[in-house]
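Chemist: Sequence first, then the predicted structure, then my questions.
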Amino acid sequence: MRAEYVIGEAATNLRRNVLLVLGAILAVFVSLFMTYMALVVNEVARNSAERWQEGISIIAWLDDADLADHTLITNEVASWPEVSRAVYVGKAESWQEFQTMFADNPALVETVDPSSLPASVRVELADNETHQAIVSKLVSIPLVDEVVEASDAVEDTLEASRLLNTGGIVLGVALGLSAVVMISNTVRMAIYARREEIGIMKLVGASNWFVRTPFLLEGLIEGLIGGGLAVLAGWFGYRWFISNLDLGIIDTDVPQSFLVSRGLIVLAFGAFAGAVGSLVGLRRYLQESK
Amino acid sequence: MREEKPTGGEIWVAGRNIAELPDWKVPYLRRSVGTVFQDFKLLPNKTVFQNVAFALEVIGRPRGMVAQQVPKVLKLVGLSSKSERLPRQLSGGEQQRVSIARAFVNRPLILLADEPTGNLDPATSVGIMRLLDRINRTGTTVVMATHDHAIVDAMRRRVMQLERGRIVRDESRGVYEGPAVTDATPTVNGLTPIETNGQQAPPAVKAPPEMEASSQVEASPEADPSQEVVATPGEPDEG
């Protein structure tokens, strides 16, 4: 009977202030949708930019003939004054990188022979003006097969996605705070609407949790509904996005498991926001109940 | 009960110092104390039955017990036939009976009644006092605060008088303005006599000084027929 009572009361509370409740759910939804999208965009960017992370702008693929010389070459490139960093990526690491990049395409991964992937030196420049000079210097090294440069397009897209990502998270957090405030407001309104009943419950000795749980549950439900809507919208929004927009170089495929795991996290955030919101709303009551 | 902590002194209820009671035990203390107010405090959107049942439901009593106890207590207060009415369809006296039924349905050790007849006409008040007397005879201590001379004089129970937060008189079969009233105090303003019928060891009440300017308390240690009130003529609260 207790569970029945608690759920019934929470449902009554939700029905009584439909507009406020919808507002709170919407706030949770928008906030978590932003966060979810930021997470997905981040993943897209990370996936497609695996090789171009952290300022690396030139990759020199090396011939396999003499593995012993690879270290020498890396050390030499690193010693050039124009180069701020030279990272050696061995054959085994290349294979790992390849597997990560095409994790969503196992058929492709199966067709590739691990030993066919070459080692490489990845170069970060201290000064971008020297770009051409370094490229020609690298090409002149006998063991270098091919030199690849990060295109401006890749750089621009990465920059954009980083901005989107930061912006999304900041907005998500700000909206998340407003969602918590909205939820605490609906809980407070519900408490106000039932102050007579609560007074009598306290009078006849209802335990504190018995009085509070329906309100806690109310906030929790609001948070969960908002979070659930955010995950659904994010999921279908993303599907629409990849089927309707072609970003060329950017590999927009994100593994399903990523979408699911982040979706669950987003849902948990919704529940968390709901619980925090109702606790804030209940706080005044908690103090009164001494 | 335990709405606020005393700024000084102690409050003992049934052998426990409630100022030292941990917060989580307060609800359990309240379960053993029924409360009745001048303004009834019924929930307007619940029927008589639901109002009384509410008191049991919210302390987690099983449904079977609710279904059994509520009709019993409604019969005790004489409202069996009106259990499906809403409070606004009842007279003031009937509403107060519902309120008493709600306070008593959990069989508390103590029933606190704060001016229960304050909003009622004298004839109706007599009916309420009869009901409280009947409850007293089941073993529940009834503590009642009142300004009503006629009631106190008719009941002739233990009377305690409070003046400026202090007990100035405690008589086992007192009247409203008994002989022990001290000479110094002005008697009219804010006089709040309290009447108690009890089986418990009489609780020592020490009110904080700011509580009330002056009042009276009435209490009888035994619900023994020899101390019973002479029933005052007059029909209970119809109307």
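Modeler: Noted; the coordinates are in hand.
Chemist: rest of the way, CA atoms for contacts and neighbours
Modeler: Noted.
Chemist: Flag every buried residue along stretch B:69-85.
Modeler: Neighbour-count burial for stretch B:69-85 flags B:69-71, B:73-74, B:76-77, B:79-80, B:82-83 (criterion: 16 or more other CA atoms under 10 Å in any protein chain shown).
Chemist: Mind jotting down where the strands sit in the stretch 101-250 of chain A?
Modeler: Using DSSP state E, counting those that start in this stretch, the strands of the stretch 101-250 of chain A run over A:120-125, A:144-149.
Chemist: and the ones you listed as JSON lines, adding distance to A:Val30, mean pLDDT and mean neighbour count?
Modeler: Converted to JSON lines, those look like this (distance: least, CA to CA, whole Å; pLDDT from 0 to 100; neighbours: other CA atoms under 10 Å in any protein chain shown):
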{"stretch": "strand A:120-125", "distance to A:Val30": "39", "mean pLDDT": "79", "mean neighbour count": "24"}
{"stretch": "strand A:144-149", "distance to A:Val30": "39", "mean pLDDT": "78", "mean neighbour count": "15"}
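Chemist: Point out the one among the ones you listed that comes closest to B:Ala19.
Modeler: Of all those, it is strand A:120-125 that lies closest to B:Ala19, at 72.1 Å by CA to CA.
Chemist: hmm, back to that, take the buried residues of stretch B:69-85 and lay them out in a markdown table including secondary structure.
Modeler: Listed next are the buried residues of stretch B:69-85 as a markdown table, based on DSSP: H, G, I helix; E, B strand; the rest coil:
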| residue | secondary structure |
| --- | --- |
| B:Gln69 | helix |
| B:Val70 | helix |
| B:Pro71 | helix |
| B:Val73 | helix |
| B:Leu74 | helix |
| B:Leu76 | helix |
| B:Val77 | coil |
| B:Leu79 | coil |
| B:Ser80 | helix |
| B:Lys82 | helix |
| B:Ser83 | coil |
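Chemist: Of all pairs in those, which one is the farthest apart?
Modeler: B:Gln69 and B:Lys82 (15.9 Å).
Chemist: nearest residue to the closest residue to chain A within chain B other than its sequence neighbours?
Modeler: Closest to chain A within chain B is B:Pro27: 4.0 Å, counting by CA to the nearest CA. Spatial nearest neighbour of B:Pro27, chain neighbours left out: A:Gly205 (4.0 Å); criterion: CA to CA, 6 or more residues apart in numbering or on different chains.
Chemist: What ranges does chain B have for its strands?
Modeler: Here chain B has its strands, by DSSP state E, at B:12-13, B:16-17, B:33-36, B:110-114, B:141-145, B:158-163, B:166-171, B:191-197, B:214-220.
Chemist: Could you tell me how many residues sit around the spatially closest residue to A:Glu149 that is not a sequence neighbour?
Modeler: Spatial nearest neighbour of A:Glu149, excluding adjacent residues (CA to CA, 6+ apart): A:Ile58 at 4.6 Å. As a burial measure, A:Ile58 scores 23 neighbours (other CA atoms under 10 Å in any protein chain shown).
Chemist: Quick check: which ranges of chain A have low pLDDT?
Modeler: A:1-2, A:45-57, A:65-66, A:104, A:127-129, A:150-158, A:245-253, A:284-290 (pLDDT under 70).
Chemist: Outline the domain layout of it.
Modeler: In terms of domains, chain A is parsed into A:2-48+A:155-288, A:51-150 (source: automatic domain parsing).
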